[in-house]
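[1] Predicted model and sequence follow; I will ask about them next.
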Amino acid sequence: MAVRHGVLSLVLLAVVLVVRVESGKNWALVVAGAKDYNNYFSQACSCHAYDTLRNNSIPKENIVYMSYDDVANDPENPVKGNIVNVAGGPNLYPGCKADYRKEEVTPEVFLKVLTGDKEGVKKLIGRDGKVIASGPDDHVFVYMIDHGGPGIFCFPGFVPLHNTDLNNAFKQMHREKRYKEMVVYLEACESGSMFEGILPKDIDIYAISSANAHESGWMCCYDTFRQVYVGSYFGNGWAYNTDTANLHKETLYQQYELMKKACNASGTVSHPTQYGNLSMNSEVLAQYQAKAEGYQPGVCVSTLEEVDNTLRSEFSFADIDLNNPAIDMVPIATAARRLIESRDLSGEKREELKAELRHMMLVKEKAESLTKDLVKAALFSPRGLTERDILAGKERVFNSECYKTALSLFSARCPGIDMGKYPFARRNLQAFINLCNHQPQTDVMNAILEVTEKYGICRAL
Ligand SMILES: *[C@@H]1O[C@H](CO)[C@@H](O)[C@H](O)[C@H]1NC(C)=O
Ligand SMILES: *[C@@H]1O[C@H](CO)[C@@H](O)[C@H](O)[C@H]1NC(C)=O
Ligand SMILES: *[C@@H]1O[C@H](CO)[C@@H](O)[C@H](O)[C@H]1NC(C)=O
């Protein structure tokens, strides 16, 4: 009996060893890239992620949360100090305290935090701040959510983090042995463009983007009481799955498969994509999203199925699906829904919303025609490509310097098409990338100067 018991224990031990997560510390960095009440989803999904990671016993001192943190107490929020991630869901806000708020949420601070550069953070913000102080045995998990754009992930107010800078930071961390392995979940429109062809496969980093390099992500979960979209397919999908799964059994690959399913709902599809070292697919979630000891699976808040049950009927405005709009259409979709659904709006409020919608549609149209004119102007001596090639091309960023300069110049010269306020205008940025890949930088800059001068909308605020 004792012998059999011993054999059984050995077998059990072997099983336990297989799924046991490695030693070393867990670190996590969670980033909300958007501000304003309209962009509720960004702070809701990130707050949920922070809450979940904390509940899964990743210690507070090992998690850094960056969020502009204006949504919970925004005047438009009908429940102050409250953030939900699904209509009727629990208040997540008390659990998530941002380590960097308001103007501190920038790409520069983010890169210093990620690379564990405490001095660098202090230089930037004038105070000590928490950083990912990880070492060679540690596992790092990063979750970021925002509107995005081709080759960029934006911080509050359209301050872009470029894919080149993000990947250089990864490479630096690898050289400095700042992690054993790292997993990055990045949620934004065109989020694949942050990794595609640029994240090395041999630096022990594994990434999942919520959409491929050329498509939008999708929103879910409109809350008629709060009058905003409170969640997204990818963000809600992974966090609710993590809340309910056995993290010592479920693998990164299994969660990836679930994300693909979650992002293929209601006829709107984005394609979550994997990058980096795909051998890491077989690792269990607990390795990244929970500390090895002390974690109890099964804290259930809500399920993906509940998320899925949101209104399904045909409901659109200007070809935008108002139940599941593309992430970058959120400002238009939100205004349209408020106008359509709120019976008790005053006449004045109604006119205000109509004017706001009209203006956004105008910005959208002007941003498109401006881009066409910009391409024409920049191609006055074409280097082999036609206007059509540039406008339709889906190239990667090969000239990051030019793209960076072009974005700054455009933002400075055309505040009327503020891509923080009007994320849908970012769809045109692919043409900037293509131009920068083929034309001399001076031609691109001169074209920006020329067309922004011509377009009155650039000066409309
Ligand atoms: C975290 O735990 C608290 C306390 O048990 C709970 O109220 C909250 O809903 C949990 N959050 C998540 C996201 O599971
Ligand atoms: C990928 O990760 C696996 C598992 O951690 C590791 O054994 C392998 O060497 C890595 N591959 C490369 C190319 O770095
Ligand atoms: C999305 O789901 C539909 C129906 O389940 C399926 O036929 C289709 O192949 C899926 N598309 C993708 C890209 O996974």
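    Received, thanks. Ligands and ions are numbered 1, 2, ... in the order given.
[2] any idea where the strands of the chain begin and end?
    Using DSSP state E, the strands of the chain run over 26-32, 63-66, 139-148, 152-155, 159-162, 181-189, 205-209, 219-223, 228-232, 264-265, 268-269, 273-276, 316-317, 320-321.
[3] The longest one pairs with which strands, parallel or anti?
    Using DSSP bridges, the strands paired with strand 139-148 are strand 26-32 (parallel), strand 181-189 (parallel).
[4] rounded to a whole number, what's the mean pLDDT of the first one?
    The reference is to strand 26-32. Taken as a whole, strand 26-32 carries a mean pLDDT of 97.
[5] per-residue confidence for the nearest residue to residue 97 once chain neighbours are set aside?
    Once flanking residues are discounted, residue 97 sits nearest to residue 65: 7.0 Å by Cβ to Cβ, 6 or more residues apart in numbering. In short, each C-beta sits where N, CA and C put it, glycine included. With respect to pLDDT, residue 65 scores 98.
[6] Also residue 316?
    The predicted local confidence for residue 316 is 83.
[7] Against ligand 1, how distant is the nearest residue in space to it that is not next to it in sequence?
    Leaving aside its chain neighbours, residue 316 sits nearest to residue 322 (5.7 Å; criterion: Cβ to Cβ, 6+ apart). Using Cβ to the nearest ligand atom, to the nearest Å, residue 322 is found at 27 Å from ligand 1.
[8] I'd guessed residue 322 sits against residue 222; true?
    Yes: taking contacts as Cβ atoms under 8 Å, residue 322 lies within contact range of residue 222: 7.4 Å.
[9] The residue of the stretch 1-150 of the chain at minimum distance from ligand 2: how many residues sit nearby?
    Closest approach between the stretch 1-150 of the chain and ligand 2, counting by Cβ to the nearest ligand atom: residue 22, at 9.8 Å. If you count neighbours by other Cβ atoms under 10 Å, residue 22 ends up with 12.
[10] do the same with the one 5 residues further on
    A count of nearby residues for residue 27, using other Cβ under 10 Å, gives 27.
[11] pLDDT score assigned to residue 218?
    So residue 218 comes in at 86 (pLDDT).
[12] got the contact list for it?
    232-233, 263, 268-270, 324-327 (Cβ atoms under 8 Å, 6 or more residues apart in numbering).
[13] what does the average pLDDT come to for stretch 436-451?
    97.
[14] quick check, distance from that stretch to the centre of its chain.
    29 Å (Cα atoms, centre = their mean, to the nearest Å).
[15] What are the buried residues along that stretch?
    Going by neighbour count (16 or more other Cβ atoms under 10 Å), the buried part of stretch 436-451 is 436-439, 443-445, 447-448, 451.
[16] Could you find the closest non-adjacent residue to residue 425?
    Residue 425 sits nearest to residue 367 (Cβ to Cβ, 6+ apart), 4.0 Å away.
[17] scratch that, residue 374
    Residue 374 sits nearest to residue 451 (Cβ to Cβ, 6+ apart), 4.8 Å away.
[18] That neighbour and residue 79: what is the separation?
    44 Å (Cβ to Cβ, to the nearest Å).
[19] now do residue 223
    Residue 223 is 10 Å from residue 79, by Cβ to Cβ.
[20] Show me which of those two is the more surrounded one.
    residue 223 (20 against 12).
[21] Contacts only, for the residue lying closest to the more buried one once chain neighbours are set aside.
    Closest residue to residue 223 apart from its sequence neighbours, by Cβ to Cβ, 6+ apart: residue 87 at 4.1 Å. Counting by Cβ under 8 Å, 6+ apart, residue 87 touches 221-226, 230, 310.
[22] What about residue 461, how many residues nearby?
    7.
[23] actually residue 455, not the one I typed
    Applying other Cβ under 10 Å, we find 19 other residues in the vicinity of residue 455.
[24] State the distance from the residue nearest to residue 370 when sequence neighbours are not counted to residue 224.
    Nearest non-adjacent residue to residue 370, counting by Cβ to Cβ, 6+ apart: residue 455, 5.2 Å away. According to Cβ to Cβ, residue 455 stands 37 Å off from residue 224.
[25] For the longest helix seen in the chain, enumerate the helices and strands it packs against.
    Determined from DSSP state H, the single longest helix within the chain is helix 347-378. When contacts are defined as 3 or more Cβ pairs under 8 Å, 6 or more residues apart in numbering; DSSP states H and E, helix 347-378 packs onto helix 330-341, helix 387-392, helix 429-438, helix 441-454.
[26] Ligand 2: which of those helices is closest?
    helix 429-438 (28.2 Å).
[27] quick one: that closest one to helix 347-378, angle?
    Put simply, helix 429-438 runs at 20 degrees to helix 347-378, going by axes from the mean of the first three to the mean of the last three Cα atoms, to 10 degrees.
[28] Show me which of the contacts of residue 87 are buried.
    Buried among the contacts of residue 87 by 16+ other Cβ under 10 Å: 221-223, 226, 230, 310.
[29] for those, which one is nearest residue 37?
    The closest of those to residue 37 turns out to be residue 226 (Cβ to Cβ; 8.8 Å).
[30] I'd like the distance between the closest one and residue 82.
    Counting by Cβ to Cβ - residue 226 and residue 82 are separated by 9 Å.
[31] same deal with residue 349?
    Residue 349 is 23 Å from residue 82, by Cβ to Cβ.
[32] for residue 25, same thing?
    32 Å.
[33] With residue 334 instead?
    18 Å.
[34] any chance of the strands paired with strand 139-148 in JSON lines, plus distance to residue 138?
    Below are these laid out as JSON lines (distance: least, Cβ to Cβ, whole Å):
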{"stretch": "strand 26-32", "distance to residue 138": "6"}
{"stretch": "strand 181-189", "distance to residue 138": "9"}
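[35] Would you reformat those as CSV and include distance to ligand 1?
    CSV is the format used below for the strands paired with strand 139-148 (distance: least, Cβ to the nearest ligand atom, whole Å):
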stretch, distance to ligand 1
strand 26-32, 12
strand 181-189, 16
